[in-house]
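Colleague: what's the 3D shape of this:
(chains A and B)
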Amino acid sequence: MIITFLQRLLWMVALVAAQVMVFNYIHLFGYATPLPYVYLLMLFPLNTDRWSILLWGFVCGLLCDIASLTLGVGMAAMTFVAFIQPPLLQLMVPKDAVEDLQPGIATMGFWPYVRYTLIMTSIFVIAYFIIQTFNFFHPLDFLIAMTSSWGLTFLMCLILEGLRYKSEK
Amino acid sequence: MKTLLDFLAKYYHWLIFFILEVVSFVLLFQFNHYQNSVWLTTANAVVGRIDLWERSVLNYLTLGQVNEQLMRRNLLLQQNNDELQRRLAELTHDSTQTERLLAERLQGVRLLPAKVVTNSVMRRDNYITISAGEADGVEPEMGVVSGTGIVGIVYMTSRHYSIVMPLLNQHSRISCRLRDSQYFGYLRWEGDNPLHAVLDDIPRHARFKVGDIVETSGFSSIFPPGIFVGRVRAISNSDDGLSYKLKVLLGTDFSRLQDVCVVAQEFQTEVSELEQRADSLNSEVQ
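Modeller: Okay, here's the model as predicted:
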């Protein structure tokens, strides 16, 4: 229990640090900024207490926002994804899956996990950009920034999962 | 209570989610000027729209009151309009030939305008009260005329009102003449039709016809000569057969009388005094 908690804490600190120190400075083509800290929420196994996921998401978003001076944006988006994650995961895994299934390439298979990542990162990036931009006066810019950021986030999450998969192996 | 607790236990994550989102958005609007301004602008627009709806509904609910106020206002304006229409009609009224002649005859005579306050035509001895009295220069024995002919003679006066003995009074006697032939007689009312009076004492040798104009003779100091009274309607013999009795259609319609003028002649008092002195001398001689 404590080990799980510490593991998650470690993941959170690492992801926030990476976001604040590295990813926030990436503006590929002037638009694309990866936001891979949503990966933290993708680690939570099936049937985790929902309040727990919500709080982790909220705190992770809060830390990121404080460090990035965007208070509220990441928090709201992460809390929303944390609220969506349990039912979404339930839909993505087979009905006969183990009760505390840890989502990953190893447990779900490559393509199902890609699909899971795709949906999770999409929801997060869309929520994040809507809250951050808060208007649709320049829909083209908005779409380009959102899509490119989503692409990078998706990629980074897959890479992180790949690294984790390899290390577990 | 148990149901509520069960409900909360089952859907507690909704509550947590809601609280955390609220906290997030409060912080978002608190610390980010851009989002704050967008939020305020949008919120203002939404609140403005809601206010507008609310006001529309309230306005609709108070329509009854507004309606009543409008009705009162309408009545007031209607009254004002009637009054103005009446005054306009007075000012732009195209005077008839009788009125023009009357005005000509009364040139040089002081006219004191007055309104009819009370009036009657149904009794045998009718009286009219007018809104001019001693304060306005009205004295007993002054003549009273309207735009269409003579009305009567001032009988009594108070400070601001006077009582007029009109033609439609059995005691009224006014000296009149036929305009064309200048024969004169006394006009009196027989107490029946308020549009007709009788001119007595026209001599048998006088020549005249139905339709001839009857006017004041000017023999008394009450009316100046030549004021229109009416037209001869029918001719008959007097009761004693020594003179004619003419039925006269009066120019003045007493049942519609509203505005009159009191005729104040310059030497009326002097003439009256002279007549009184002559009367008294007569009585002394006799």
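Colleague: what about residue 4, neighbour count?
Modeller: You didn't pick a chain, so chain A it is. Neighbours of A:Thr4 under the rule other CB atoms under 10 Å in any protein chain shown: 12. C-beta: built from backbone N, CA, C; applies to glycine.
Colleague: my bad, chain B
Modeller: Each residue near B:Leu4 was counted by other CB under 10 Å, and the total is 8.
Colleague: what about it, helix or strand, and which?
Modeller: Using DSSP states H and E, B:Leu4 maps to helix B:2-31.
Colleague: who's in contact with the closest residue to chain A within chain B?
Modeller: Proximity of chain B to chain A (CB to the nearest CB) peaks at B:Leu28, 2.6 Å away. Taking CB atoms under 8 Å, 6 or more residues apart in numbering or on different chains, we find B:Leu28 in contact with A:Leu71, A:Gly72, A:Val73, A:Met75, A:Ala76, A:Ile131, B:Gln35.
Colleague: quick check: phi and psi at B:Phe223.
Modeller: Per-residue torsions, B:Phe223: phi -110, psi 140 (degrees, to the nearest 10).
Colleague: that one contacts B:Thr216, doesn't it?
Modeller: Yes - counting by CB atoms under 8 Å, B:Phe223 touches B:Thr216, with 4.1 Å between them.
Colleague: next, show the common contact partners of the two.
Modeller: B:Ile150, B:Ile174.
Colleague: follow-up on the earlier one: tell me the mean pLDDT for the helix holding B:Leu4?
Modeller: Here helix B:2-31 scores 87 as its mean pLDDT.
Colleague: swap in stretch A:20-32?
Modeller: 84.
Colleague: endpoint to endpoint, that stretch covers what distance?
Modeller: 15 Å (CA to CA, to the nearest Å).
Colleague: for chain B, what lies in contact range of chain A?
Modeller: Selection of chain B residues close to chain A by CB under 8 Å from any CB of the partner chain yields B:12-13, B:16-17, B:20-21, B:23-32, B:34-35, B:38-39.
Colleague: domain ranges for chain B, per the record?
Modeller: B:2-47, B:109-266 (automatic domain parsing).
Colleague: ok, now which ones touch residue 113?
Modeller: Unless you meant another one, I'm taking chain A. A:Pro103, A:Gly104, A:Ile105, A:Glu161.
Colleague: correction: the question concerned chain B.
Modeller: Taking CB under 8 Å, 6+ apart as the test, what B:Pro113 contacts is B:Ala132, B:Asp259, B:Val260, B:Cys261.
Colleague: can you do 6 Å?
Modeller: B:Cys261 (CB atoms under 6 Å, 6 or more residues apart in numbering or on different chains).
Colleague: helix/strand/coil for it?
Modeller: strand (DSSP: H, G, I helix; E, B strand; the rest coil).
Colleague: show me the beta-bridge partners of it.
Modeller: B:Cys261 (DSSP bridges).
Colleague: next one: B:Val154
Modeller: In beta-bridge terms (that is, DSSP bridges), B:Val154 pairs with B:Val164.
Colleague: neighbours of it, how many?
Modeller: If you count neighbours by other CB under 10 Å, B:Val154 ends up with 25.
Colleague: and it, what does it touch?
Modeller: B:Val138, B:Pro140, B:Met142, B:Ser162, B:Val164.
Colleague: B:Ile222 now?
Modeller: Counted by CB under 6 Å, 6+ apart, B:Ile222 has contacts B:Gly143, B:Ile153.
Colleague: next, it: phi, psi?
Modeller: Backbone torsions of B:Ile222, given as degrees, to the nearest 10, read phi -80, psi -50.
Colleague: pull up the gap between the residue of chain B closest to chain A and A:Met108, please.
Modeller: Distance of B:Leu28 to A:Met108, given as CB to CB, to the nearest Å: 34 Å.
Colleague: same question for B:Arg173.
Modeller: In terms of CB to CB, B:Arg173 sits 133 Å off from A:Met108.
Colleague: more crowded one of these two?
Modeller: The neighbour count for B:Arg173 versus A:Met108, taken as other CB under 10 Å, is higher for A:Met108 (20 against 15).
Colleague: picking up where we left off before, quick one: which of the contacts of A:Tyr113 is nearest B:Leu187?
Modeller: Among the contacts of A:Tyr113, A:Pro103 lies closest to B:Leu187 (CB to CB), at 126.7 Å.
Colleague: where does the closest one sit: helix, strand or coil?
Modeller: Classified using three-state DSSP, A:Pro103 is coil.
Colleague: so where's chain A uncertain?
Modeller: Residue ranges of chain A with pLDDT under 70: A:136.
Colleague: could you give the number of residues near residue 14?
Modeller: Looking at chain A here, since you left the chain open. Neighbours of A:Ala14 (other CB under 10 Å): 14.
Colleague: meant chain B, my bad for not saying
Modeller: So B:Trp14, with other CB under 10 Å, has 12 neighbours.
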